[in-house]
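>>> here's a sequence, model it:
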Amino acid sequence: MPETRYSSPMPVFLDETNILFPDHSHADEHGILAVGANLEPDTLLAAYYNGIFPWPHPGLPLLWFSPDPRFVMRPQDILINRSLIKAIKNSSLQIKADCNFYRVMKGCQKSLRAEQDGTWITNELIEGYCDLHGLGYAHSIEAYQDGRLVGGLYGVSIGSLFFGESMFFLQSNASKIAFATLVAHLITWNFSLIDCQSHTQHLEKFGAQPIKRNDFLYELEKSHQHPTMQGPWRFTMTPQQALETIKKASSLRKNRR
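The predicted structure is shown next:
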């Protein structure tokens with residue numbers, strides 16, 4: 001009787017001259033879907049449009065990920081705990097968007113993270129996302145205290161979906177308040193989903209939850225029906241006004257149940 005062989009998913013090697021991302025079923029158990037290619041804007045846009053993101057690892061070729069499950073959050077479902085509510089009410093931070101994208105990425109690059117010996121944000125990655133920012137697809141959210149950048153985050157926007165990438169802070173709660181202010185604007189702009197990519201306790205406290213990859217891809221396809229808000233973005237709410245917007249959205253959600 002012939003031996004039965006079962007093939008497991010295997011990442012695909014990409015040709016830099018003809019980049020075509022494979023079907024998500026090729027992703028291995030770690031979520032690695034493809035290897036190689038480059039960080040040019042066209043490559044990044046093709047990846048995000050298909051729900052794929054780069055995650056460089058030292059000593060390895062460029063890796064592209066499509067994890068299952070996916071960690072996501074609906075803007076109107078954001079959770080703000082009591083301590084953060086108090087911090088927002090008492091905050092004198094000024095939250096802006098797209099005023100200094102490069103410095104936000106450098107801040108994220110220098111940020112030390114638990115269980116990581118170094119950073120995955122390489123100089124090549126910064127260059128690629130800065131180019132994407134110049135095209136109006138990548139955005140930075142910045143927290144300023146007396147004119148000094150003290151925290152922020154960046155990500156990519158396509159359709160009605162925001163792909164969060166990384167955040168940093170030099171002052172307590174700065175990145176949290178920047179994130180909450182971003183979410184309030186996403187609610188106002190009718191964004192459907194925030195992609196947090198992989199699980200973190202930090203984002204779980206904000207209400208992010210895992211969903212199956214196929215469910216995420218369905219949400220992604222629906223988001224493409226909405227026009228992309230190409231930058232630069234401009235915020236119209238203070239953190240305190242953002243908190244009120246979030247409270248109203250939460251109240252409406254509870255009333256619909």
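
>>> so residue 165: helix, strand or coil?
strand (DSSP: H, G, I helix; E, B strand; the rest coil).

>>> does the closest residue in space to residue 44 that isn't next to it in sequence lie in a helix or a strand, and which?
Distances taken as CB to CB, 6 or more residues apart in numbering place residue 132 nearest to residue 44, at 5.4 Å, with adjacent residues excluded. No exception for glycine: its C-beta is placed from N, CA and C like everyone else's. Here residue 132 sits within helix 123-134, counting by DSSP states H and E.

>>> what are the buried residues along that helix?
Neighbour counts using 16 or more other CB atoms under 10 Å place 125-126, 128-129, 131-133 of helix 123-134 among the buried residues.

>>> now do the longest strand along the chain and helix 123-134, the angle between them.
Of all segments of type strand in the chain, defined using DSSP state E, the longest is strand 148-158. Relative orientation of strand 148-158 versus helix 123-134 (axes from the mean of the first three to the mean of the last three CA atoms, to 10 degrees): 70 degrees.

>>> so what are the sheet partners of strand 148-158 and their directions?
Strands adjacent to strand 148-158 in the sheet, as given by DSSP bridges, are strand 138-145 (antiparallel), strand 161-169 (antiparallel).

>>> out of those, deepest packed?
Mean neighbour counts were taken over the strands paired with strand 148-158 using mean count of other CB atoms under 10 Å, and the top value, a mean of 24, falls to strand 138-145.

>>> now that one, how far from the chain's geometric center?
Its chain's C-alpha centre lies 14 Å from the corresponding centre of strand 138-145 when counted by CA atoms, centre = their mean, to the nearest Å.

>>> pLDDT on it, on average?
In this model, strand 138-145 has an average pLDDT of 98.

>>> not counting its neighbours along the chain, what's nearest residue 53?
Excluding its sequence neighbours, the residue lying closest to residue 53 (CB to CB, 6+ apart) is residue 65, at 5.7 Å.

>>> that neighbour reaches residue 28, doesn't it?
No. The pair residue 65 and residue 28 fails to qualify as a contact (CB atoms under 8 Å) at a distance of 10.0 Å.

>>> and those two? which has more neighbours close in?
When residue 65 and residue 28 are compared on other CB atoms under 10 Å, the one with more neighbours turns out to be residue 65, at 20 against 12.

>>> nearest the geometric middle of this protein, what residue?
Against the mean C-alpha coordinate of the chain, by CA atoms, centre = their mean, the closest residue is residue 164 at 1.0 Å.

>>> how about that residue: what's its closest non-neighbour residue?
Distance criterion CB to CB, 6+ apart; nearest residue to residue 164, sequence neighbours excluded, is residue 155 at 4.4 Å.

>>> what's near enough to touch residue 27?
Residues in contact with residue 27, defined by CB atoms under 8 Å, 6 or more residues apart in numbering, are 9, 11, 33, 65-68, 213.
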